[in-house]
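[1] For reference, the sequence and a predicted model appear below.
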Amino acid sequence: MPRRFLTIAALAALAVMITSSSALALNLRLNIMYNQKHPLSTEVFQPWAAQVAKVTQGRVKVTIFYSNALCTSAQTFDAVTSGVTDIGCSCPTYTAERFPLSTIMDQPLMATERAQDSSEVMQALYEQNAGMQKEFAEVVPLWFYLNPAYHLHFTKKEVKTLEDLKGTLVAAGGTVSNAILKALGAAAEAIPMTEVYLALQSGVVEGSILPYAPLRSQRMTEVLKYHTECSLAANGFYVVANKEKWNSISEEDRKAIMAISGMKMATLTGQVFDKYEAIDKDFMAKKGDVFYKLPKDERARWIKLLTPLREGWVKDAEAKGHPARELMEVATRLLAERER
């Protein structure tokens, strides 16, 4: 046979081998709430998917479905357990009744200034606490993380004390934020995120309680000028896999995937959040915004008013038979260690 035909035959055989190898790769569908250009998509989930393929030598592939293409955030846990998606990302607070202990990081003051620190604390809590592990027994947790802390942002006034905040109309988007504002003496207004800009612009409210992240994308930076940094709360997130699909992966590959997940990914996710928060703050500073960080003595006054809200969470969980007090003590200790 002429050399030319031998070469063509060899190339054809190689193509068949590559196609067969690709077809045999186990595909994991990953549903996330972020769009394709979101920093967590480009700097966390996409690199993680590439790493999964690398450490398993192509035997496992992750296909990402953006903007909750397979299920909503509230449906994610059930979608993972039922196999609608193989991996999902969501918040314990969306189905709080299922996670009486794992919603701990959504409580008032359970956040540090850095999302990296908060994320690492939540990951550590899961790794150390049997109660939290039991809540995720139906799935395989890959990692946990927290978004950046919620602060107070205002259009025309600088808030440095409780007295400054008293009676101020502030937009709140969730039950925890609403409770925090009321406890601090502000007048909370329940307004969806998409409507906060117009409420601020028209003067319906004087401020908002949010992380820095959405301020720019939601145009709120156009009307907000004063920022009181007080780390009032944050939201916890989980990334979990369907147990049956996970167990269909070889033990060798499962170990390889877990080696690049867990605390490593909790750290990376927090770092990416912190990186882009710094970028947004720099943008706001250049346009003349004013940033004020609560001093320790004033923050102690705020903590005193918000502690009963955390205590209420502990008592509710304990009334249902969950060891929430011990978990809260561990969590507050770990957070305090990060703030030193």
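    Ah, there it is.

[2] the helices in the stretch 51-200 of the chain, which residues?
    76-82, 115-128, 130-135, 162-165, 175-184, 193-202 (DSSP state H, counting those that start in this stretch).

[3] Might you report the residue contacts of Asn129?
    Asn129 makes contact with 101, 327, 330 under the criterion Cβ atoms under 8 Å, 6 or more residues apart in numbering. Any C-beta I mention is one placed from the backbone N, CA and C, and that applies to glycine too.

[4] now, among these, which is nearest to Lys286?
    Among these, Val330 lies closest to Lys286 (Cβ to Cβ), at 40.6 Å.

[5] The closest one: what secondary structure?
    At Val330, secondary structure determined by DSSP: H, G, I helix; E, B strand; the rest coil is helix.

[6] got the contact list for it?
    If you count contacts by Cβ under 8 Å, 6+ apart, then Val330 has 125, 128-129 around it.

[7] Lys61 now?
    Applying Cβ under 8 Å, 6+ apart, the residues near Lys61 are 25-28, 49, 52-53.

[8] returning to what we had before: the helices of the stretch 51-200 of the chain: which one's closest to Leu335?
    helix 115-128 (5.7 Å).

[9] Mind giving me the packing neighbours of that closest one?
    helix 130-135, strand 139-146, helix 262-286, helix 324-338 (3 or more Cβ pairs under 8 Å, 6 or more residues apart in numbering; DSSP states H and E).

[10] Let's have those in TSV, adding mean pLDDT and distance to Lys61.
    Output for those, formatted as TSV (pLDDT from 0 to 100; distance: least, Cβ to Cβ, whole Å):
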stretch	mean pLDDT	distance to Lys61
helix 130-135	96	28
strand 139-146	98	16
helix 262-286	97	18
helix 324-338	93	36
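
[11] for the stretch 1-150 of the chain, which spans come out with low pLDDT?
    For the stretch 1-150 of the chain, applying pLDDT under 70 flags the ranges 1-23.

[12] Tell me which stretches of it form strands.
    26-31, 60-65, 87-90, 139-146 (DSSP state E, counting those that start in this stretch).

[13] Okay, angle between the longest one and helix 262-286 too, please.
    Read it as strand 139-146. Strand 139-146 runs at 30 degrees relative to helix 262-286, counting by axes from the mean of the first three to the mean of the last three Cα atoms, to 10 degrees.

[14] Strand 139-146 versus strand 26-31: what angle between them?
    For strand 139-146 against strand 26-31, the angle by the same axes, to 10 degrees is 40 degrees.

[15] ok, residues contacting strand 139-146?
    With Cβ under 8 Å, 6+ apart as the criterion, strand 139-146 contacts 77, 80-81, 87, 105, 111, 115, 118-119, 121-123, 126, 234-243, 246, 257-258, 261-266, 269-270, 273.

[16] still on that earlier bit, any idea which of the helices and strands packed on helix 115-128 is most buried?
    strand 139-146 (a mean of 25; mean count of other Cβ atoms under 10 Å).

[17] Run the angle between that strand and helix 115-128 for me.
    Using the same axes, to 10 degrees, strand 139-146 lies at 150 degrees relative to helix 115-128.

[18] how far out from the middle of the chain is strand 139-146?
    Here strand 139-146 shows a centroid-to-chain-centroid distance of 10 Å under the convention Cα atoms, centre = their mean, to the nearest Å.

[19] do the same with stretch 287-302
    24 Å.

[20] end-to-end on that stretch?
    End-to-end distance of stretch 287-302: 29 Å, with Cα to Cα, to the nearest Å as the criterion.

[21] Renumber starting at 54 from here on
    Sounds good: first residue 54 from here, last item stretch 340-355.

[22] Which parts of this protein belong to which domain?
    Domain segmentation of the chain under automatic domain parsing yields 74-199+289-330, 204-286+340-391.

[23] what's the most buried one of the ones you listed?
    Buried most deeply of the domains of the chain, by mean count of other Cβ under 10 Å, is domain 74-199+289-330, with a mean of 19.

[24] Just tell me which of the helices and strands packed on helix 168-181 ends up closest to Thr116.
    Short answer: strand 192-199, nearest of those by Cβ to Cβ, at 15.5 Å.

[25] Export that closest one to CSV, keeping only CA atoms.
    The C-alpha trace of strand 192-199 is given here as CSV (Å, rounded to 0.1, in the frame of the first residue of the first chain):
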residue,chain,number,x,y,z
VAL,A,192,-25.4,14.6,48.0
VAL,A,193,-21.7,15.0,47.7
PRO,A,194,-20.5,18.5,48.8
LEU,A,195,-17.6,19.8,46.7
TRP,A,196,-17.1,23.1,48.4
PHE,A,197,-18.8,25.9,50.3
TYR,A,198,-18.3,29.7,50.1
LEU,A,199,-19.7,33.1,51.1
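
[26] hang on, the earlier thing: distance to Glu392 for the helices of the stretch 104-253 of the chain - can I get that in a markdown table?
    As requested, these are exported to a markdown table (distance: least, Cβ to Cβ, whole Å):
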| stretch | distance to Glu392 |
| --- | --- |
| helix 129-135 | 31 |
| helix 168-181 | 8 |
| helix 183-188 | 22 |
| helix 215-218 | 21 |
| helix 228-237 | 19 |
| helix 246-255 | 28 |
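
[27] Ok, which of these comes nearest Met337?
    When those are compared by Cβ to Cβ, helix 246-255 sits nearest Met337, at 14.4 Å.
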